[in-house]
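In: Need the 3D shape of this:
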Amino acid sequence: MKKPSLFVSLFLGVLLLSSCEKAEEEIIEETFPEAVMEPVIFNFTGTWSGLCGSVSKPSLDSFRLQYPNANVINCHLNQAGGLVDPLSNPSSEGLAGFYNISVHPDSAYALPYLYFTYDGFLGGLNYSGINYAAVSSTELWVKQNKPAAIALKLSPSISGSQLDLEVKYKAIYAFPMPVYYSIVLTENNVSATQTNDLSSSPNLHSDVLRKYLKDYNGELFANNLNAGDAGSFSVSTPLDADWNQENMYATVVIWYLDPVYGKMVHLCLSYACLLFEVPYRDW
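Out: This is a model prediction of the structure:
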């Protein structure tokens, strides 16, 4: 049997190398889907509030229909010294304190209140339908004009009541400053009576904040990132027995430390469905 010529050997070697590079590229594309900047909306609300039921919830439901992948986190609060919101919890109350949100109607940051954040911008709005129309236009503008700087993939697994979440990241641009992450667990289709509920889904709540992991302004995962740097980190947490795991999402919020002002700046985030059948949700 004749041995292959030197030319043929070189050709086969180049072909094999090309195939390996192509396979590696396909793996990278599969691991890190195309990243799109998604702003995050923190909506502070209460089931006991008539204004939340008659104005904010209907408007926000319409917003979610227009932007089904919008990153909304509904933070339910108890009425101070009064009515208890069955969807409230220490995470939602603590986040309200972090953003100086008050349930008192005479406060400058009175409930219902909305925080809208994206790269380098943090804005707060007292509630009105007009404000949510402005948020809709801003959401679209951000997605069309703000390039994402970090691609993410979330891989959750659940064993009993234990959630293990692996987060893989790849830097698209360089970050010569510390980069942090926070993780938020939310649940959809939660039933709770809402006062004056005029929405299309009465007494049914979406994007309910269940648990905020790590610090509100993030936990360090990299002191700096070069373009193309990739890595991962993992988080484990127990899930409450009354949460419907099939309706839950994990949201990873990425922050960086502003080198000039020394402040944490929200950068981008991604959702991950906790269903085993849907290992992650693309942007």
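In: What is the neighbour count of residue 174?
Out: Counted with other C-beta atoms under 10 Å, residues neighbouring residue 174 total 13. Yep, even glycine has a C-beta here, placed from its N, CA and C like the rest.
In: Isn't it up against residue 226?
Out: Yes: counting by C-beta atoms under 8 Å, residue 226 is a contact partner of residue 174 at 5.2 Å.
In: does residue 47 sit in a helix, a strand or a coil?
Out: Under DSSP: H, G, I helix; E, B strand; the rest coil, residue 47 falls in the coil class.
In: residue ranges of the helices in this structure, please?
Out: For the chain, the helices defined by DSSP state H cover 6-31, 50-51, 57-66, 90-98, 129-145.
In: looking at those helices, which has the lowest confidence?
Out: For the helices of the chain, mean pLDDT drops lowest on helix 6-31, to a mean of 43.
In: Pull the contacting residues for residue 164.
Out: 156-158, 234-236 (C-beta atoms under 8 Å, 6 or more residues apart in numbering).
In: now swap in residue 67 and tell me
Out: Shown in contact with residue 67 (C-beta under 8 Å, 6+ apart): 136, 139-140.
In: Mind giving me the ChimeraX select for these, buried ones only?
Out: Buried members of these can be picked out in ChimeraX with the line below, counting by 16 or more other C-beta atoms under 10 Å:
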select :136,139
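In: which of the contacts of residue 67 lies closest to residue 168?
Out: Ranked by distance to residue 168 (C-beta to C-beta), these are led by residue 139 at 25.6 Å.
In: Does the closest one touch residue 70 like I think?
Out: Yes: with contact defined as C-beta under 8 Å, residue 139 and residue 70 form a contacting pair (6.2 Å).
In: Filter the contacts of residue 164 down to the ones in strands?
Out: 156-158, 234-236 (DSSP state E).
In: For the protein, which segments count as strands?
Out: Using DSSP E, strands in the chain cover 40-45, 71-76, 113-118, 121-126, 150-159, 162-171, 179-187, 190-191, 204-205, 208-213, 219-222, 230-238, 248-257, 264-273.
In: so which of those comes closest to residue 92?
Out: Using C-beta to C-beta, the nearest of the strands of the chain to residue 92 is strand 71-76, at 4.0 Å.
In: Give me the helices and strands touching that closest one, please.
Out: strand 40-45, helix 57-66, helix 90-98, strand 179-187, strand 208-213 (3 or more C-beta pairs under 8 Å, 6 or more residues apart in numbering; DSSP states H and E).
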